[in-house]
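# next one to model:
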Amino acid sequence: MDVSYLCPRLITPRESIAPAVLQVAGGRVASVGRPRRDQGATVELPGTVVPGLVDLQVNGFQRWSVLRGGPEDITAIGRALLAEGVTAWCPTIVSSPEEERLAALDAVAAAERTGARIIGVHLEGPWISRMRKGAHDESVLEAPAREVVARSLRRHPGLVRIVTLAPELRGGFDAVRQIVDAGSVASIGHSDATFREATRAIDAGARMATHLFNAMRGLHHRQPGIAGAVLTDQRITAGLISDGEHVDPAMVVLAFRAKTAGRIALVSDVVPGTYADTTSGMPRTPDGALAGALASQSEGIRVAVRAGVAFEDALQAATLTPSLVAGGPTGRLEHGLPADFVVLDDELRPLETYVAGERVWGR
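Numbering: from 1, shown residues only. Predicted coordinates for the structure are as follows:
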């Protein structure tokens, strides 16, 4: 479908144009620019236009689970995420026995490709630290054995985009190199690594940290830990849960100020509403540990902005940066790329969601 959209304001997110015209041809961005007198017919959009949001950590949504569900559950999650402005996502498979992990990979591979685009799977464990396991099942945690890791990476070549692991485990640094050599992103997370161990993992090729500050050795002025390594090394992108619960808003601001532009990737870490006890308003394990989040990626932007992060920086962290981490073509409105975008209201809430230039959700 070829169409021109008139936008009160458009953020690519590398630049902001107000007003703007977004021209779509064949589901891709044909051009972005200011309106012209000879523009011809346009469709007027009711709010600020931004790239579709990209979420690298989605364990499930509403009543559907990535790990426990089949292909139809994965498809349902992708469709439901559209209402949150998410147009690209990584189904996330948490620590589990190998047969369950491989079955979940099969389910993702077989899912119908409708709704938000699947840009790859995020394997979060089981090669993580028992000391920093969070809500993960300790009984399935293990050190990364080369052949076991390879079986997950080879199950559907190119499907696994991110692997979270604790590099300090036996064989961990070799696993980082193995993951990178396979074309995937090695992410430090659920780890008790020291500052030096984290830096060694970055030297080995790790380029992401999973949910900065959560389930990792924290920041101390004499023992900077993983958080210190991530905040001071610009080679690595920090995943960050900005729901107002996992990380204090002041620390969200600190992370944005410490990292250079484009080195924070907001993630939701959202789980199904039935995943854990939510009587406190947050998913928790019986011992009180946080077990993922309920807030969406769009809420993460709003929390960051309320905390004092510039809207443009928060937006980049939820669009362009996570897309670049995963190697996807989404997260920006540029010539030749998919015309996936969201219309936001004045409170930064999604009004309409478009995939390949077509309206797929609205309120």
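# just want the most central residue of this structure.
Leu56 (2.2 Å; C-alpha atoms, centre = their mean).
# my guess is that one contacts Thr164, does it?
No - with contact defined as C-beta atoms under 8 Å, Leu56 does not count as touching Thr164 (10.3 Å). The way it works is simple: take the backbone N, C-alpha and C, and place the C-beta from them, glycine included.
# list the residues that contact both of these two?
His122 (C-beta atoms under 8 Å, 6 or more residues apart in numbering).
# circling back: how near is the residue nearest to the centre of the chain to Thr75?
As judged by C-beta to C-beta, to the nearest Å, Leu56 and Thr75 stand 19 Å apart.
# show me where pLDDT drops low in the stretch 201-350 of the chain?
Low-confidence regions of the stretch 201-350 of the chain, defined by pLDDT under 70, span residues 273-282, 286, 288-292.
# just the helices in it please.
Assigned by DSSP state H, counting those that start in this stretch, the helices in the stretch 201-350 of the chain fall at 225-232, 249-258, 297-307, 311-318, 320-326.
# between those, which gets nearest to Trp89?
Of all those, helix 297-307 sits nearest to Trp89, with 8.6 Å by C-beta to C-beta.
# if I look at Val24, how far off is Arg36?
For Val24, the distance to Arg36 equals 16 Å [C-beta to C-beta].
# how about Ile226?
51 Å.
# just grab the bridge partners of the residue nearest to Leu82 when sequence neighbours are not counted for me.
Leaving out its chain neighbours, the residue that sits closest to Leu82 by C-beta to C-beta, 6 or more residues apart in numbering is Trp361, at 4.1 Å. For Trp361, the beta-bridge partners are Thr353 (DSSP bridges).
# same check, this time on Thr48
Beta-bridge partners of Thr48, counted by DSSP bridges, are Arg9, Leu344.
# any idea how many residues pack against it?
21 (other C-beta atoms under 10 Å).
# got a list of what it touches?
Listed by C-beta under 8 Å, 6+ apart, the contact partners of Thr48 are 7-11, 343-344.
# what subset of those is buried?
7, 10-11, 343-344 (16 or more other C-beta atoms under 10 Å).
# hang on, Val3 packs against Val24?
Yes - with contact defined as C-beta under 8 Å, Val3 counts as touching Val24 (5.3 Å).
# end-to-end on stretch 320-335?
End-to-end distance for stretch 320-335, by C-alpha to C-alpha, to the nearest Å: 15 Å.
# which residues touch that stretch?
10, 12-14, 22, 29-32, 49, 51-52, 54-56, 87-88, 90, 117, 119-120, 161-162, 185, 207-208, 237, 262-267, 319, 337-341.
# quick one, which of Ile226 and Arg36 is more surrounded?
Ile226 (31 against 8).
# which ones are touching that one?
By C-beta under 8 Å, 6+ apart, the neighbours of Ile226 are 188, 191, 193, 195, 198, 209, 216-218.
# before we move on, the earlier item: just the closest of the contacts of Thr48 to Thr285, please.
Distances from those to Thr285 were compared by C-beta to C-beta; the smallest belongs to Leu344, at 34.4 Å.
# does the closest one really touch Arg363, like I thought?
No - assessed by C-beta under 8 Å, Leu344 is found out of contact with Arg363, at 11.8 Å.
# find the nearest non-adjacent residue to Gly189, please.
Once flanking residues are discounted, Gly189 sits nearest to Thr210: 2.7 Å by C-beta to C-beta, 6+ apart.
# and that neighbour, how far from Leu240?
Look at Thr210 and Leu240: by C-beta to C-beta, they are 10 Å apart.
# got it, and Gly308?
According to C-beta to C-beta, Gly308 stands 14 Å off from Leu240.
# those two: who's more crowded?
Neighbour count, other C-beta under 10 Å: between Gly308 and Leu240, Leu240 has more, with 28 against 12.
# contact partners for the more buried one?
211-213, 247, 252, 255, 264-267, 317.
# repeat the analysis, applying 10 Å as the threshold.
Contacts here follow C-beta atoms under 10 Å, 6 or more residues apart in numbering; on that basis Leu240 touches 209-214, 230, 246-247, 251-252, 255-256, 259, 264-267, 269, 300, 304, 317.
# any idea how far Glu15 is from Gln178?
39 Å.
# which one's more surrounded, these two?
Ranked by neighbour count (other C-beta under 10 Å), Gln178 and Glu15 place Gln178 first, with 20 against 11.
# which ones are touching that one?
Residues near Gln178 by C-beta under 10 Å, 6+ apart: 144, 146, 149-150, 153, 163, 171, 184, 186, 204-205.
# what of Pro167?
Pro167 sits next to 127, 129, 144, 173-176, 186, 188-189, 191, 193, 197-198, 200-202, 204, 206, 226 when contact means C-beta under 10 Å, 6+ apart.
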